[in-house]
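> would you be able to build a 3D model of this:
(2 chains)
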Amino acid sequence: MSDNAESPTETQKDEPPTPQQPTEDSGTADEKKKIDVLLKAVGDTPIMKTKKWSVEKGRTVQSLSQFISRFLKMEANEQLFIYVNQSFSPSPDQEVGVLFECFGSDGKLVLHYCKSQAWG
Amino acid sequence: MADDKDVLRDVWFGRIPTCFTLYQDEITEREAEPFYLLLPRVSYLTLVTDKVKKHFLKVMKAEDVEEMWFDFEGTSLKWHYPIGLLFDLHASNTALPWSITVHFKNFPERDLLHCPSNSVIEAHFMSSIKEADALKHKSQVINDMQKKDHKQLWMGLQNDKFDQFWAMNRKLMEYPTEEGGFRYIPFRIYLTMSDRPFIQKLFRPISTDGYTHTLGDLLKEVYPVAISNDDESKHYQVVIHGIEPLLETPLQWLSEHLSHPDNFLHISVIPTPSD
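I've put the predicted structure just below:
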């Protein structure tokens, strides 16, 4: 259920991403319901103070994008573009878990974010 | 091979006869007649339904019209999924024409993405192609193309121009001879009875010891339920572009010939209908 009338397509419990613990000690990837995401700013987009996050596999790109926008205190009319592999923009309803499986490296998914279109 | 090129054409020109009916609660000035249209399997709903919108707007007031959206038997139809996939997944064992209900109010925010213009469709389409090439060629082929080449792929789809599209798309279907195939196959397996939207994983077309993987191998690895059989009965149909390819078909061949224009193999796994 959506806990905010304005936020669309929030089908799972809105648990926020959690900052990654500095000491790495985790079970195998299959056992974890969360994946590690590294957020990188592009161009003059503000850099997030915390870059590493643990995100639930089922969370959507749109949900993560909204989280970043709120974290950066962006205006409602400002857009945020998310990129994988510095090459494509995943669909807003894409699950981060799937992106991690296909495009993760060194145990994490690197996502670039930008206020303007960076890679078309 | 001449035969294989025919497959490309058959896939591109696949059509689904569809009947669009206005939702009964929409406010009209007079009765709305249904509208019939042949939908291209490989395109997207919002790209090919301008005529549908024009038809129904004739009987409606402007203030009663918001963003158009579609449902089939209560399921909101995602415009960003290829039309053929939507049909195979939700309606393949129902009678033709495909009966779709048209809405202009109460957009289902939780189910559907908005589609304010064709440029949104173009962006989605191009992103899918880029994602596919990231899997096939580490993005090398798509990145070596110029912006006008990318545009040609989109224009080919938008204007239903098979030759224009494939003049560019053939580059995305090439691979180094010594490799035997793409790095990974871009595929998505859609299930009707599942909370997750689709299965997508890394899967090589050729194993490290040179073995050619088949459709059956893929399913066995990522969704064995699809090919498990009790006694004599087959529980599921594995459908691509409205047909059930033999499980022995090489996955590389399927990727080159039965992918959608977005370069993904969209595979539906649906329960076998009980007669």
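> B:Asp217 reaches B:Leu251, doesn't it?
Yes: using CB atoms under 8 Å, B:Asp217 is in contact with B:Leu251, at 7.0 Å. Where you see a C-beta, it was placed from the backbone N, CA and C, and this is true even at glycine.
> more neighbours: which of those two?
Higher neighbour count among B:Asp217 and B:Leu251: B:Leu251, with 23 against 18, using other CB atoms under 10 Å in any protein chain shown.
> quick one, phi psi at the more buried one?
phi -60, psi -40 (degrees, to the nearest 10).
> roughly how far apart are it and chain A?
Between B:Leu251 and chain A the distance is 16 Å, computed by CB to the nearest CB, to the nearest Å.
> what's across from the nearest residue to B:Glu248 once chain neighbours are set aside in the sheet?
Leaving aside its chain neighbours, B:Glu248 sits nearest to B:Thr214 (5.3 Å; criterion: CB to CB, 6 or more residues apart in numbering or on different chains). On the basis of DSSP bridges, B:Thr214 is bridged to B:Pro250.
> quick check, distance from stretch B:190-198 to the centre of its chain.
Averaging C-alpha coordinates over stretch B:190-198 and over its chain gives two centres that are 15 Å apart (CA atoms, centre = their mean, to the nearest Å).
> go on, stretch A:64-78?
With CA atoms, centre = their mean as the basis, stretch A:64-78 stands 12 Å off its chain's centre.
> what about that stretch, near chain B?
No: using CB under 8 Å from any CB of the partner chain, we find that stretch A:64-78 stays clear of chain B, coming within 12.8 Å at best.
> how long is that stretch from one end to the other?
15 Å (CA to CA, to the nearest Å).
> going by residue numbers, what spans are strands in the stretch 51-200 of chain B?
B:69-72, B:75-76, B:98-103, B:187-191 (DSSP state E, counting those that start in this stretch).
> I should have written chain A there, sorry.
Remark: strands assigned in chain A by DSSP state E are A:18-19, A:34-41, A:52-56, A:81-84, A:109-114.
> can I get those in CSV including mean neighbour count?
Shown next, in CSV, are the strands of chain A (neighbours: other CB atoms under 10 Å in any protein chain shown):
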stretch, mean neighbour count
strand A:18-19, 12
strand A:34-41, 19
strand A:52-56, 20
strand A:81-84, 22
strand A:109-114, 21
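> between those strands, which gets the lowest average pLDDT?
Sorting the strands of chain A by mean pLDDT places strand A:18-19 lowest, at a mean of 78.
> how far does it sit from its chain's centre?
Chain-centre distance of strand A:18-19: 11 Å, with CA atoms, centre = their mean.
> got the contact list for it?
By CB atoms under 8 Å, 6 or more residues apart in numbering or on different chains, the surrounding residues in contact with strand A:18-19 are A:Lys34, A:Thr50, A:Lys52, A:Trp53, A:Ser54.
> with stretch B:227-237 instead?
B:92, B:216, B:219-220, B:225-226, B:238, B:244, B:247, B:268-272.
> can you get me the start-to-end distance on it?
The first residue of stretch B:227-237 is 9 Å away from its last residue (CA to CA).
> poorly predicted segments of the chain, please.
Looking at chain A here, since you left the chain open. For chain A, applying pLDDT under 70 flags the ranges A:1-15, A:20-32, A:120.
> my question was about chain B
Counting by pLDDT under 70, chain B contains low-confidence residues at B:1-2, B:230-232, B:275.
> now render the strands of chain A as a markdown table, adding distance to B:Arg30.
Shown next, in a markdown table, are those (distance: least, CB to CB, whole Å):
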| stretch | distance to B:Arg30 |
| --- | --- |
| strand A:18-19 | 57 |
| strand A:34-41 | 54 |
| strand A:52-56 | 50 |
| strand A:81-84 | 45 |
| strand A:109-114 | 49 |
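> of all the ones you listed, which one is nearest B:Glu73?
Set against B:Glu73 and scored by CB to CB, these come closest in strand A:52-56, at 31.2 Å.
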